[in-house]
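>>> the following block contains a protein sequence and its predicted model.
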Amino acid sequence: MPSDPLVAQHVLEFPGGYTRSTGPVVGRFLTELRERRIVGVRTSEGGVLVPPLEYDPATGEPVTGEYVEVGPAGTVTTWTWVEEPLDIHPVDVPFAWALIALDGADTALVHAVVPEHPKAMRTGMRVRPVWREQPTGHITDIRHFAPEVTKIVSPVRAEYRLRAGGSLAVFLAGVERGVLLGGRCERCAKVYVPYRTFCPECGGPIPDTLELPDTGTITTFAINNLPDPRAPEVPFVSAYILLDGADLPMIALVAGVPAHEVRQGMRVRAVWVPESERTASMANIRWFAPTGEPDVELS
Ligand SMILES: [Zn+2]
């Protein structure tokens, strides 16, 4: 878990209100806010400052005058928690002062973030502005930022069949024939099973399938003491099995051996259901069972 960011909170306040002219750059920012748009300004080096400034703090050069719409969503880069908000704070519930890097901006904006729960607050969180009903051209037109919806909880009962897309369908069609299909990355030459069209490591394309044997070596395993409908008995063993020729292990059940005898380096082979019972699903492989070959030294 990352440690809490080290942040000092400072308050600069003009309690009676302080009227000043905004100047063209900040004025444009506030005018756009009134329209519920957040803009930055492009620097002579091509970066985007949000909020916009008249001079690039990095170089001291005047900015270009080109305004760029950013966000409205962004990512929290650091934050500090305010458990007891004061009257002057933008919200009256516990919140975080956060630095938010809006999408498309090269600098971060300070604003309040109200997460669903204090424990949910974290660096890297994706947030969106919650706008005031009637924007007036002030930074408080954004009431606060709130986390993007990443999950919903609702009472659901659905009956469905999972339709395997693209590469998984190819793999399962192989399983139906009793063949494990992987693929070799064109760029880094790593072999993956199940088959996928892009390398998870380097992003290189995997144009063709490659048949892998149904034998392999246990790299790690876990003994499970809770029943599982797929397992033949309790305790049962789930393991990472590195198929011969593959560079990444796949997870599967191990049976045909007492759980306490399973070990790293043990050689195993897939136990398939009879041909007449085969479907395009992983249920075709009951589990992996020891081959009786000598153990393999794992590097
Ligand atoms: Zn690769």
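Perfect, thanks for sending it. Residues are numbered from 1 along each chain as shown.
>>> what distance do you get for P274 to the ion?
37 Å (Cβ to the ion, to the nearest Å). For the C-beta atoms, the positions are set from N, CA and C on the backbone; glycine is no exception.
>>> same deal with R143?
45 Å.
>>> make 46 the first number, not 1, from now on.
New numbering, starting at 46: the last item is R188.
>>> and that residue, how many neighbours?
16 (other Cβ atoms under 10 Å).
>>> now it. Nearest residue, chain neighbours left out?
Excluding its sequence neighbours, the residue lying closest to R188 (Cβ to Cβ, 6 or more residues apart in numbering) is V175, at 4.8 Å.
>>> the one you found looks like it's in a helix, true?
No. When DSSP: H, G, I helix; E, B strand; the rest coil is applied, V175 is found to be strand, with no helix at that position.
>>> what's near enough to touch it?
V159, I187, R188, H189, F190, A191 (Cβ atoms under 8 Å, 6 or more residues apart in numbering).
>>> any chance of these in a markdown table, plus pLDDT?
Below are those laid out as a markdown table (pLDDT from 0 to 100):
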| residue | pLDDT |
| --- | --- |
| V159 | 92 |
| I187 | 87 |
| R188 | 88 |
| H189 | 91 |
| F190 | 92 |
| A191 | 91 |
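>>> ok so, going back, mind listing the residues bridging to the residue nearest to R188?
Listed by DSSP bridges, the beta-bridge partners for V175 are H189.
>>> top of the contacts of V175 by number of neighbours, please.
F190 (28 neighbours).
>>> if we can go back for a sec, which of the contacts of V175 sit farthest apart?
Maximum pairwise distance among the contacts of V175 (Cβ to Cβ): 11.6 Å, between V159 and I187.
>>> how far out from the middle of the chain is stretch 127-140?
Relative to its chain's centre, stretch 127-140 lies at 30 Å (Cα atoms, centre = their mean, to the nearest Å).
>>> what about that stretch, how long is it end to end?
Taking Cα to Cα, to the nearest Å, stretch 127-140 runs 5 Å from one end to the other.
>>> so which bits of this structure are right by the ion?
Neighbours of the ion within the chain, by Cβ under 5 Å from the ion: C230, R232, C233, C244, E246, C247, G249.
>>> OK, now which residue of the stretch 46-195 of the chain is nearest to the ion?
G169 (25.8 Å; Cβ to the ion).
>>> which of the residues of the chain next to the ion has the weakest pLDDT?
Ranked by pLDDT, the residues of the chain next to the ion bottom out at E246, which scores 84.
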